[in-house]
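*Asks:* The following comprises the amino acid sequence and a computationally predicted model.
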Amino acid sequence: MQDTRLRPAASQLPRRNLSASGPAIVAMGLALLTGLILGQLTLVGGRSFEQRPTRLTEGTRTGLEFYDAIETYLTTGRTGDLRALVHPEFVDHIDGHPEAPGVEMFLRTLDELRPFVGSEGLTATSLTSSGNLVRFSVEMPKADAVILGLPIAQTEDSVHIEILRIADGGIAERWSDLHLPVAVTSLASITWNPQTATQVVPAIERITMLRGSTMTLRYGTAHIVLVESGSLTVIGTPRGAASNLPEFPPDAAAIADAEPVVGLPGSAVLAAGSSPYTIVNDGPAVARALLIRIAGYAPSTDQPTFGTLGASQDDVGVQIETLSASNALPNHKGDWTIEIGRATLAPGTTIPVHGVAGSELILVEEGALDAKLGPCGGRCIRTDAGAGAIAVEQTTLQVGQGISASDGATSAYEVASAIPATLLIVTVAPAQE
């Protein structure tokens with residue numbers, strides 16, 4: 001068991017190409033985030049932003065070094081240059097998001113940016129400066145992006161404005177009006193090599209467990225438990241403590257001897273291997289979790305049946321809701337890559353036509369999504385109110401509905417609502433060698 005847990009610039013403007021707080025500060029930040037023209041902003045004390053660039057100021061140099069350090073992190077993953085330039089009391093402000101203090105949260109923001117930075121990288125251009133404030137234009141050329149195993153189409157370059165506050169030779173604050181076409185939160189990323197003859201049958205379920213309840217996972221299955229609320233203990237029964245049957249009743253002694261892993265909200269636990277597993281809610285309240293099934297029990301002499309593999313359906317105090325499910329995948333020798341996360345797509349954002357290797361499963365949590373599926377026979381399944389049915393070639397998914405497409409199918413998606421669409425996405429695919 002494993003615990004997983006910008007180019008409108010004249011040639012004379014200083015610029016860098018990148019591959020891959022007092023009342024005045026508050027007024028400036030608020031003006032940016034509410035869309036005011038910063039060149040017209042008058043700061044406290046009567047000072048105004050310079051309307052044209054002059055010499056390369058020390059603050060501008062520091063800002064350009066900051067964007068160079070961002071380049072280094074995005075292309076190599078090294079954080080040393082960035083940490084050296086970021087002030088210990090650094091605070092990041094992005095339009096529409098809560099302020100984020102500290103370099104660690106800033107690094108996580110850059111991780112979200114990484115998929116949208118193509119080979120041309122970013123271009124940072126110094127526009128104006130005033131005292132310890134420097135204003136930059138940052139351009140991101142459109143590039144092919146892959147998030148959670150799915151491609152994202154960008155139709156135009158992205159240009160946004162950023163303001164840096166310099167203090168003690170470092171970047172103390174950043175304001176940005178950056179809007180990515182997709183905001184991604186990765187919940188789990190796993191490479192997994194199943195046992196011989198394991199049948200990969202992905203599904204997304206949600207479990208609700210009353211206090212004191214216990215549920216069983218069938219022998220030989222593989223699941224990822226993503227705790228949403230409450231706490232759950234996942235126990236791998238020691239080898240030999242239970243028979244090799246799809247349903248097993250592990251005795252109390254076996255559970256007591258097993259090494260438990262406690263899952264708290266936001267944590268992910270992988271339960272995979274030759275031993276059976278038990279999930280226990282021994283906390284003080286009702287617990288909820290996403291149960292991502294990767295593989296189900298598949299006797300060598302029988303063909304697996306859709307919807308019958310995975311968790312026991314008979315445990316007292318446990319409710320299981322199927323959100324999206326796939327049919328069985330062809331056998332594959334070697335590793336599988338599993339990506340699980342949430343993505344919020346801006347209105348009009350598209351996931352272009354692509355072939356599916358493995359399975360992709362999507363649950364609509366907010367907004368609406370148009371799905372356009374190629375001829376895929378029984379390889380595309382639509383889930384509504386817990387029931388799965390073969391999906392038609394064009395369908396619109398509303399909140400609470402799921403879709404899956406599996407090996408050999410083609411699919412494309414587009415946000416079908418005037419508000420962003422938030423999707424829970426699971427992709428399971430043979431690992432690239």
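*Replies:* Now that the structure is in, tell me what you want to look at.
*Asks:* Might you report the residue contacts of residue 290?
*Replies:* Contact partners of residue 290, counting by C-beta atoms under 8 Å, 6 or more residues apart in numbering, are 204, 205, 206, 207, 224, 225, 226, 228, 424. Where C-beta positions appear, they are placed from N, C-alpha and C, glycine not excepted.
*Asks:* ok, 10 Å please
*Replies:* Counting by C-beta atoms under 10 Å, 6 or more residues apart in numbering, residue 290 makes contact with 187-188, 204-207, 223-228, 268, 323, 340, 363, 424, 426.
*Asks:* what helix or strand does it sit in?
*Replies:* Using DSSP states H and E, residue 290 sits in strand 287-296.
*Asks:* swap in residue 104?
*Replies:* Per DSSP H and E: helix 103-113 holds residue 104.
*Asks:* One more: residue 71?
*Replies:* helix 58-76.
*Asks:* Over to residue 400?
*Replies:* Judged by DSSP H and E, residue 400 forms part of no helix or strand.
*Asks:* distance of it from residue 206?
*Replies:* Residue 400 sits 10 Å away from residue 206, going by C-beta to C-beta, to the nearest Å.
*Asks:* higher neighbour count, the two?
*Replies:* Ranked by neighbour count (other C-beta atoms under 10 Å), residue 400 and residue 206 place residue 206 first, with 18 against 14.
*Asks:* What strand or helix carries the closest residue to the more buried one other than its chain neighbours?
*Replies:* Leaving out its chain neighbours, the residue that sits closest to residue 206 by C-beta to C-beta, 6 or more residues apart in numbering is residue 321, at 4.7 Å. Residue 321 is located in strand 318-325, with elements delineated by DSSP H and E.
*Asks:* and the angle for the next helix or strand after that strand with strand 287-296?
*Replies:* Using DSSP H and E, the next helix or strand after strand 318-325 towards the C-terminus is strand 336-345. Taking axes from the mean of the first three to the mean of the last three C-alpha atoms, to 10 degrees, one finds strand 336-345 and strand 287-296 inclined to each other by 140 degrees.
*Asks:* send the alpha carbons of strand 336-345 over as CSV?
*Replies:* C-alpha atoms of strand 336-345 as CSV (Å, rounded to 0.1, in the frame of the first residue of the first chain):
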residue,chain,number,x,y,z
TRP,A,336,0.3,2.3,-16.5
THR,A,337,0.2,6.1,-15.8
ILE,A,338,-2.7,7.4,-13.8
GLU,A,339,-3.6,11.1,-13.6
ILE,A,340,-6.3,12.4,-11.3
GLY,A,341,-7.3,16.0,-10.9
ARG,A,342,-9.8,18.9,-11.2
ALA,A,343,-9.7,21.3,-14.1
THR,A,344,-11.7,24.5,-14.4
LEU,A,345,-12.1,25.4,-18.1
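*Asks:* And that strand, what's buried?
*Replies:* 336, 337, 338, 339, 340, 341, 342, 343, 344, 345 (16 or more other C-beta atoms under 10 Å).
*Asks:* can you pull the pLDDT of residue 15?
*Replies:* According to the prediction, residue 15 has pLDDT 51.
*Asks:* In the chain, where is pLDDT below threshold?
*Replies:* 1-56, 118-120, 143, 154-156, 196-197, 237-258, 274-275, 297-313, 433 (pLDDT under 70).
*Asks:* circling back to that earlier point, cross the contacts of residue 290 against strands and list the overlap.
*Replies:* 187-188, 204-207, 223-228, 268, 323, 340, 363, 424, 426 (DSSP state E).
*Asks:* sorry, back to before: who touches the helix holding residue 104?
*Replies:* 20, 70, 73-74, 77, 79, 82-83, 85-88, 90-92, 94, 97-100, 102, 117, 122, 140, 147, 171, 174, 176, 178, 180, 182-186.
*Asks:* Now list the buried members of those.
*Replies:* By neighbour count, with 16+ other C-beta under 10 Å, the contacts of helix 103-113 hold 20, 70, 73-74, 79, 82-83, 85-87, 90-92, 94, 100, 117, 122, 140, 147, 171, 174, 176, 178, 180, 182-184, 186 as buried.
*Asks:* gap between the two ends of stretch 151-170?
*Replies:* Taking C-alpha to C-alpha, to the nearest Å, stretch 151-170 runs 37 Å from one end to the other.
*Asks:* buried ones in that stretch?
*Replies:* For stretch 151-170, by 16+ other C-beta under 10 Å, it's 152, 154, 158-167, 170.
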